[in-house]
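Colleague: Show me how the following folds:
(one chain, ligands or ions: 1)
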Amino acid sequence: MEQTFIMIKPDGVQRGLVGEIISRFEKKGFYLKGLKFITVDQSFAEKHYADLSAKPFFNGLVEYIISGPVVAMIWEGKNVVTTGRKIIGATNPAESAPGTIRGDFAIDIGRNVIHGSDSVESARKEIALWFPENQVNWHSSLH
Ligand code: CMP
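Modeller: Residues are numbered from 1 along each chain as shown. The predicted structure is shown next:
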C-alpha cells in the first residue's frame, strides 16, 4: 500500500495545529503508520532538503525547520502521496485554495505549516531518513 511522509513544521506545532492536521488525514480515510515528535539538527535538516541546497532560501529553510519540534509521520492509503498534497494545498499559501491546510492556516511560503512528499520516490527516501528503524534489514534477518 502506498505511503507518504508528512511533517508538521515548527510553526504548525507552535500554533496548536497538530490535532487539526491529523484529523484531516484520518477523516479522509488514511492510516497513521508512524509518528514522532522530534527536534532535528542542522545536518539532518540539510539532508531532508538536500535537493534544495542551491536555492537562495535554503539556509533560512533549514533554520526554520530546526527552530523547534516537528511532528514527523508516515501515512498510508490509496494514492496517499497525490491526495495528501491536495489536502495540504499549494506550496505558496498565497496560491493554496481555501479548504486545504495551507489555504486555511498559512499566508507565508516561508512558514507554510506542513510538508508532504512530492512523489512516491521522495516518500520512500524521506521515510527511510526519518524512520530508519522501520527499514527491514534483510541481510541480517537471514542470519
Ligand atoms: P515544503 O513542502 O517543505 O518543500 C520545500 C520547502 O521550501 C517549502 O515547503 C517551503 O517551506 C520552502 N520554500 C519553497 N519556496 C520558498 C521560497 N521562495 N521562500 C522560502 N521558502 C520556500
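Colleague: Show me what the helix or strand harbouring residue 24 is packed against.
Modeller: In the assignment (DSSP states H and E), residue 24 maps to helix 18-28. Helix 18-28 sits against strand 3-8, strand 31-38, strand 70-76, helix 80-88, helix 101-105, with contacts defined as 3 or more Cβ pairs under 8 Å, 6 or more residues apart in numbering; DSSP states H and E. Quick note: C-beta positions are derived from backbone N, CA and C, even for glycine.
Colleague: Mean neighbour count, those: which tops it?
Modeller: strand 3-8 (a mean of 25; mean count of other Cβ atoms under 10 Å).
Colleague: For whichever helix or strand comes after that one, list every residue counted as buried.
Modeller: Scanning forward in sequence from strand 3-8 by DSSP H and E, the next helix or strand is helix 10-14. Residues of helix 10-14 classed as buried: 10, 11, 12, 13 (neighbour count, 16 or more other Cβ atoms under 10 Å).
Colleague: Run through who's touching helix 10-14.
Modeller: 18, 21, 64-65, 67-71, 105-106, 111, 113-114 (Cβ atoms under 8 Å, 6 or more residues apart in numbering).
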